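Engineer: Dropping the sequence and predicted coords here.
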Amino acid sequence: MPLGRSIGTPITPISSVVNLLLVVQDDDGIEGWGEVWCNFPRFGIHHRARLLSEVFAPALVGRSFASPGDAWLRMQALSDPLRLQSGENGPIAAVIAGIDIALWDIAAKKAGAPLWRMLGGRSPRVPVYASLGRADEPGPTVERCLREGFRAFKLRSAGSVGDHLAAVRPIRRLVGNDCELMLDLNASWDAQAAIATVGELAGERLSWLEEPIPVDAPPETWGRLADAAPMPLAGGENMVTRAMFDAALATRALGVLQPDITKWGGFSGTLPLARRIVADGRRFCPHMFSGAPGVLASAHLLAASNSPQGILELPVGHNPARDVMLARRVTGGALMLGESPGLGLDTDIATLAPFRLPS
């Protein structure tokens, strides 16, 4: 889905939006939707699609599993040799996550229940925040989102503390003091500069500062930054193994944990993690910057976690395929998941024809 221009990011320039969606069908003809993370690099969508069709589909089709969790464990085991030989933990983890989401969608449909309830959630109401991409004009986009019912917003910035202040201050004036405001730096801030100057952001009343430095920076560096920061630090989208999350929970640097259900774990891996985060008193706020199945899976995950302070990232930029599929409105700063079985995604795949890439 072309953006029409090239956009600079701290990761790589981008000129399009991509989503890798999948449908799984069981022997009874029940279909489940899933999504595989493939945001960077954009051409990674082709590689992950081939992993899905040439490695995982042949290994799964025609087999029986006791539950989606059983299938998740089997996928982990069968992919271990490939993971080691290829060194590609991320792409493999993302494909497993996407399949797992689809299998849980099937399981809940067969049970006749929405996933949020089947997985132990108490309420279908999911608080959300508008997540702006670097291709979005911040002022006009935030004004539109305010009219649409959003009451929390996340901006992106890169550079020095002066650049961050320039990004945040006009939007804080626009939304006032009653709205939550967050800032995502996509691991682009020099660690020593961040430690020295992060205090200058104190007056902007940020609910969190997301990935100011790389997730694999030394724990003592994260600890020093957390001590200097006047707001909670957030991260988790780039953690793609259980060991990485274990290490994050073992330290106190991150006040907000943000696993991405399409990048690692699916429901089978991420829901137990979410419950650990909530039990530990951290704020559980799933990362999501992809398509409709991913958004809905993240919403059901957050609802099932019963997190008292949780809030879901809802991307609001250019993504026509997502918008065709996701026919839900924000009301009072939240999405209502409702009672439809599974993810609640009822889409005629033909509506996606204008956006499909050749295989």
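Structural biologist: Here it is on my side, so go on.
Engineer: For the longest helix seen in the chain, the averaged confidence score.
Structural biologist: Counting residues, the longest helix found in the chain (DSSP state H) is helix 89-111. Throughout helix 89-111, pLDDT has a mean value of 98.
Engineer: export it as CSV, just CAs?
Structural biologist: The C-alpha atoms that make up helix 89-111 are tabulated as CSV, following Å, rounded to 0.1, in the frame of the first residue of the first chain:
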residue,chain,number,x,y,z
ASN,A,89,14.8,-16.2,15.1
GLY,A,90,12.6,-13.1,14.4
PRO,A,91,11.0,-14.1,11.1
ILE,A,92,10.3,-17.6,12.4
ALA,A,93,8.9,-16.4,15.7
ALA,A,94,6.6,-14.0,13.8
VAL,A,95,5.3,-16.7,11.5
ILE,A,96,4.5,-19.0,14.5
ALA,A,97,2.8,-16.1,16.2
GLY,A,98,0.6,-15.4,13.2
ILE,A,99,-0.5,-19.1,12.9
ASP,A,100,-1.2,-19.2,16.6
ILE,A,101,-3.5,-16.2,16.4
ALA,A,102,-5.5,-17.9,13.6
LEU,A,103,-5.8,-21.2,15.6
TRP,A,104,-7.1,-19.4,18.6
ASP,A,105,-9.6,-17.6,16.4
ILE,A,106,-10.8,-21.0,15.2
ALA,A,107,-10.9,-22.4,18.7
ALA,A,108,-13.1,-19.6,20.0
LYS,A,109,-15.4,-19.7,17.0
LYS,A,110,-15.9,-23.5,17.7
ALA,A,111,-16.7,-22.7,21.3
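Engineer: what residues are up against the nearest residue to Asn19 once chain neighbours are set aside?
Structural biologist: Of all residues not flanking Asn19 in the chain, Gly291 sits nearest, at 3.5 Å (Cβ to Cβ, 6 or more residues apart in numbering). Heads up, the C-betas are built off the backbone N, CA and C, glycines and all. Each residue near Gly291 by Cβ atoms under 8 Å, 6 or more residues apart in numbering is listed here: Asn19, Leu21, Glu35, Asn319, Ala321, Arg322, Met325.
Engineer: Run a quick neighbour tally on the closest residue to Asn319 other than its chain neighbours.
Structural biologist: What sits nearest to Asn319 in space, not counting adjacent residues and going by Cβ to Cβ, 6+ apart, is Val17, at 5.1 Å. Using other Cβ atoms under 10 Å, Val17 has 23 other residues around it.
Engineer: do the one 4 residues further on as well
Structural biologist: The burial metric for Leu21, expressed as a neighbour count using other Cβ under 10 Å, is 24.
Engineer: Is it in a helix, a strand, or coil?
Structural biologist: strand (DSSP: H, G, I helix; E, B strand; the rest coil).
Engineer: bridging residues for it?
Structural biologist: Beta bridges link Leu21 to Glu35, judged by DSSP bridges.
Engineer: thought it was touching Pro293?
Structural biologist: Yes: Leu21 is in contact with Pro293 according to Cβ atoms under 8 Å; the separation is 5.9 Å.
Engineer: which residues of the stretch 201-350 of the chain fall in helices?
Structural biologist: 219-228, 242-250, 266-279, 292-305, 320-325 (DSSP state H, counting those that start in this stretch).
Engineer: CA atoms only for the shortest one - export them in PDB, please.
Structural biologist: Extracted C-alpha coordinates of helix 320-325, given in PDB (Å, rounded to 0.1, in the frame of the first residue of the first chain):
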ATOM      1  CA  PRO A 320      -6.500   1.000   3.600                       C
ATOM      2  CA  ALA A 321      -6.500  -2.800   3.900                       C
ATOM      3  CA  ARG A 322      -6.700  -2.500   7.700                       C
ATOM      4  CA  ASP A 323      -9.500   0.100   7.500                       C
ATOM      5  CA  VAL A 324     -11.500  -2.000   5.100                       C
ATOM      6  CA  MET A 325     -11.400  -4.900   7.600                       C
END
